[in-house]
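Student: pasting a predicted model and its sequence here:
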Number of protein chains: 2
Amino acid sequence: MTERIHATYWLETGVDPQQAADVIAGEQSSGTFVALPNETPELKARAGARVERLAVLGHSDTPSLSGGVQAKRYTQCMLELSWPIENFGASLPNLMSTVAGNLFELRQVSGLRLKDLQLPASFAAAYPGPAFGIDGTRRLSGVTRGPLIGTIIKPSVGLSPQETAEQVKQLVAGGIDFIKDDELQGDGPHCPFDERVRAVMRVVNEHAERTGKKVMVAFNLTGELDQMKRRHDLVLAEGGTCVMAVLNSIGLVGLHELRRHSQVPIHAHRAGWGYLTRCEALGWDYAPWQKLWRLAGADHLHVNGLRNKFSEPDDSVIAAARAVLAPATDAAPMRAMPVFSSGQTGLQAAHTYAAIGCADLIHTAGGGIFGHPHGVAAGVEALREAWIAAMEGVPLERHAERSRALAGALEFWK
Amino acid sequence: MTERIHATYWLETGVDPQQAADVIAGEQSSGTFVALPNETPELKARAGARVERLAVLGHSDTPSLSGGVQAKRYTQCMLELSWPIENFGASLPNLMSTVAGNLFELRQVSGLRLKDLQLPASFAAAYPGPAFGIDGTRRLSGVTRGPLIGTIIKPSVGLSPQETAEQVKQLVAGGIDFIKDDELQGDGPHCPFDERVRAVMRVVNEHAERTGKKVMVAFNLTGELDQMKRRHDLVLAEGGTCVMAVLNSIGLVGLHELRRHSQVPIHAHRAGWGYLTRCEALGWDYAPWQKLWRLAGADHLHVNGLRNKFSEPDDSVIAAARAVLAPATDAAPMRAMPVFSSGQTGLQAAHTYAAIGCADLIHTAGGGIFGHPHGVAAGVEALREAWIAAMEGVPLERHAERSRALAGALEFWK
């Protein structure tokens, strides 16, 4: 039997839902707006998308999105479509054109959102997925248990390489596991990539020689392909253990090529995710989106954080993190490491641990570390202790009796 | 003086607009959610984004997007920000992270849409833009005046290479200028790319040898980079004059690399554009979006069509086409060719011509050509004659007195 790709959408339509489903299935496979003599029943059976499931969820008087068919009533449904993989082969770019192509603009659609994507085994055969994932990241960072405690260099942009290295110096001395560039930090003349990497890695390497602990630093190498390869090679030559790329800025081909070249984990930033997801009636859920990037090779994937400073609610953050940890296909798990950030402190540790059921993650905090009254080292220790408490099921206040750093943190974490 | 990048947004916010503007400017440059001691006035002056303009447009009682700050009143404004190019250098991927990064998710934002983007000369120096553009496309297709009359192979997917070539045979015999694969047509086992190209180019080359007219066929080579390069090389070896790629499926790095490799024009498809644009309070206008892709090397850019079968209104289509024809930067025009499609016939020619003021475009029709009662050749001729009438300012009915094909078409174009 032929392998099929399955995609599930939340659909709102001003026409009969079955008709809308048929139009979407047609538009995204063998059909067009008018019946064609050579779209034979045989061809349709072979290449047509199939409506696997259509369940009405409710109705409304007004459309979520304008521009579509005018109606008195709009119907919301869950729609599952499937395609034979023979239509285009095991190709992520062509998968993208198919499951997220012209369909969002259809007049029969007043809302459409991709909720889920299930891929057959041949995709796992064509795409190796993360080269390092959770195990590789733990091995390179030396963090065998619990989350990697991390932070982001701030100000986001504007520091010189030396100022950046100074901040890194405080952090590595403070016992941090992971540091990342801000996604806005590229290769500008005030903070050239090469100088930044050399200055930072000098600090990281000195610390590693002295203590045996090599802090993982995700250098943002986002750029054109040759630039990314060259920057990766510099990071590697300087002893670095991670690179970072902004997915929406480089695209699937960019990540796939970087994955082929990279000898360190790829920290994948989702900047721009808001324009893909923030309208509830349009675009993407994180589950199908992150799957494409994991297949293409992302080792770490940003998922925002609980009680974050952005507009995303907690249930969405939890769903995103669970998706990143769930198997990509039945044939190959390809698990990546979720990265929690934005307004994070140890106060979110227990809730985060309970929600995802493991500590295979990177937890980054800024103010939650730097704001500690006893300094950066105490800030790092407090966040780590909060995770120990979470994993042991001990309330923070009780665990703080054993940890001065955590006790100090509880006074300023709010 | 330092060069600056300017981006204009439609913004809706539940907080004071000036505060929202400052938060966005901070988030996308040197700031973060909390004041940092090392974000000095000097650093801010050097690296901070600047609020250039903030004009209130109106108010509403409800937010366009959920998840943000709750308020009694939401303010809509036009916001222009600028950044010093030194923050990241002349890099399209890093430009993307900056002008369309984390800002859409901010709690202070209940609506945000990128409306315009102005780039300094150094971007034009770093990116060569379309290698062929309008002039190169006219030269290769032999169409010196008026639009390229084109069509799309349908059914979108499911035909064999031989069936595809049969359809191409009818079209080239009918005098067509341009043919494209559907964006869903990749390299599946039922219609492998190589076999399709060989079968189609045999027909195109035979016709060219006999008549001197080589029809331009845009073969969809969308895929991973090595695949795209290999497929391009095959197209070139078989005498082809165009390749097609789906922009959202390959990403900026993919297009930039294809541009570096390609020796024929790149026909850029915008499948997926709907999820970037259809929510009026979120995402992208076409003007800033298409500019990124033109800099990266797109020669032809899809703009939908007037009175199209999708949900896009005519004024949006016209704005898109004008944007594709407008100079990319003051330093370099980099004009690309707009591609009109979807429900197109000769009836839209005059309106299209009047709206964009020139005929430097590709006009593709399916049913508008194949439906002609006298056959495909008459369908092609009728569309071409409709454009001659448009360019000469002659009403279609009067021009039809001189053209039997046009007269026949007027009976079925509705």
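Tutor: On my side now, so go ahead. Computed from a predicted structure; not experimentally measured. Numbers count the residues shown, from 1 in each chain, chains lettered A, B, ... in the order given.
Student: helices of the stretch 151-300 of chain A, start to end?
Tutor: Assigned by DSSP state H, counting those that start in this stretch, the stretch 151-300 of chain A shows helices spanning A:161-173, A:193-211, A:225-237, A:247-261, A:273-277, A:286-296.
Student: would a markdown table of those helices with mean neighbour count be doable?
Tutor: Yep, even glycine has a C-beta here, placed from its N, CA and C like the rest. Output for those, formatted as a markdown table (neighbours: other Cβ atoms under 10 Å in any protein chain shown):
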| stretch | mean neighbour count |
| --- | --- |
| helix A:161-173 | 19 |
| helix A:193-211 | 18 |
| helix A:225-237 | 18 |
| helix A:247-261 | 24 |
| helix A:273-277 | 25 |
| helix A:286-296 | 24 |
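Student: grab the nearest non-local neighbour of the residue in chain A that chain B sits nearest to.
Tutor: Nearest residue of chain A to chain B, counting by Cβ to the nearest Cβ: A:Gly251, 0.7 Å away. Using Cβ to Cβ, 6 or more residues apart in numbering or on different chains and skipping residues adjacent in sequence, the residue nearest A:Gly251 is B:Gly251, 0.7 Å away.
Student: which ones are touching the one you found?
Tutor: A:Asn248, A:Ile250, A:Gly251, A:Leu252, A:Val253, A:Gly254, A:Leu255 (Cβ atoms under 8 Å, 6 or more residues apart in numbering or on different chains).
Student: need the max-distance pair from the residues you listed.
Tutor: Farthest pair in the contacts of B:Gly251 (Cβ to Cβ) is A:Asn248 and A:Val253. Separation: 12.9 Å.
Student: distance of A:Pro373 relative to A:Trp413?
Tutor: Counting by Cβ to Cβ, to the nearest Å, the separation of A:Pro373 from A:Trp413 is 11 Å.
Student: quick one: which of those two has more around it?
Tutor: A count of neighbours by other Cβ atoms under 10 Å in any protein chain shown puts A:Trp413 above the other of A:Pro373 and A:Trp413, at 22 against 10.
Student: so that one is in contact with A:Gln348, correct?
Tutor: No. With contact defined as Cβ atoms under 8 Å, A:Trp413 and A:Gln348 do not form a contacting pair (9.3 Å).
Student: mind listing the shared neighbours of the two?
Tutor: Counting by Cβ under 8 Å, 6+ apart, no residue touches both A:Trp413 and A:Gln348.
Student: chain B contacts on the stretch 251-400 of chain A?
Tutor: Proximity of the stretch 251-400 of chain A to chain B, by Cβ under 8 Å from any Cβ of the partner chain, involves residues A:251-257, A:269, A:271-276, A:278-284, A:304, A:309-313, A:342-343, A:366-367.
Student: for A:Pro313, which non-adjacent residue is spatially closest?
Tutor: In this structure, A:Pro313 finds its nearest non-sequential neighbour in B:Gly67, 6.6 Å apart by Cβ to Cβ, 6+ apart.
Student: which regions of chain A sit below the pLDDT cut-off?
Tutor: For chain A, applying pLDDT under 70 flags the ranges A:1, A:32-36.
Student: give me the neighbour count for the residue nearest to A:Pro313.
Tutor: By other Cβ under 10 Å, the residues close to B:Gly67 number 18.
Student: next: A:Gln18.
Tutor: A:Gln18 sits with 13 neighbouring residues when counted by other Cβ under 10 Å.
Student: also the one 3 residues further on?
Tutor: Other residues lying near A:Ala21 total 24 when counted by other Cβ under 10 Å.
Student: residue contacts, it?
Tutor: A:Leu11, A:Val51, A:Leu54, A:Cys77, A:Leu79, A:Leu81.
Student: now render the residues you listed as a markdown table, adding secondary structure, distance to chain B and neighbour count.
Tutor: Below are the contacts of A:Ala21 laid out as a markdown table (DSSP: H, G, I helix; E, B strand; the rest coil; distance: Cβ to the nearest Cβ, whole Å; neighbours: other Cβ atoms under 10 Å in any protein chain shown):
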| residue | secondary structure | distance to chain B | neighbour count |
| --- | --- | --- | --- |
| A:Leu11 | strand | 13 | 26 |
| A:Val51 | strand | 17 | 17 |
| A:Leu54 | strand | 21 | 16 |
| A:Cys77 | strand | 18 | 20 |
| A:Leu79 | strand | 16 | 23 |
| A:Leu81 | strand | 13 | 24 |
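Student: A:Ile149: what secondary structure?
Tutor: Classification of A:Ile149 using DSSP: H, G, I helix; E, B strand; the rest coil returns strand.
Student: oops, could you answer that again for A:Ile134 instead?
Tutor: helix.
Student: how close does the closest residue to it other than its chain neighbours sit to A:Gly393?
Tutor: Excluding its sequence neighbours, the residue lying closest to A:Ile134 (Cβ to Cβ, 6+ apart) is A:Asp360, at 4.7 Å. Separation of A:Asp360 from A:Gly393 (Cβ to Cβ) stands at 18 Å.
Student: tell me which of these two has more neighbours.
Tutor: Neighbours were counted for A:Asp360 and for A:Gly393 using other Cβ under 10 Å; A:Asp360 has more, 22 against 9.
Student: I figured that one hits A:Leu325, correct?
Tutor: Yes. The pair A:Asp360 / A:Leu325 is scored as a contact, 6.7 Å apart, by Cβ under 8 Å.
Student: what sits in contact with each of these two?
Tutor: Shared contacts of A:Asp360 and A:Leu325, counting by Cβ under 8 Å, 6+ apart, come down to A:Arg335, A:Pro338.
Student: that's a strand at the residue nearest to A:Pro313, yeah?
Tutor: No. Assignment of B:Gly67 by three-state DSSP gives coil, placing it outside any strand.
Student: so it makes contact with A:Asp315?
Tutor: No. Checked against Cβ under 8 Å, the pair B:Gly67 and A:Asp315 is beyond contact range at 11.6 Å.
Student: can you put the contacts of B:Gly251 in TSV and add distance to A:Ala389?
Tutor: What follows is the contacts of B:Gly251, written out as TSV (distance: Cβ to Cβ, whole Å):
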residue	distance to A:Ala389
A:Asn248	36
A:Ile250	39
A:Gly251	41
A:Leu252	40
A:Val253	44
A:Gly254	40
A:Leu255	36
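Student: closest one to A:Gln19 out of those, please.
Tutor: Nearest to A:Gln19 among the contacts of B:Gly251, with distances taken as Cβ to Cβ, is A:Leu252, at 32.4 Å.
Student: domain map for chain A?
Tutor: Taking automatic domain parsing as the criterion, chain A consists of the domains A:4-126, A:133-413.
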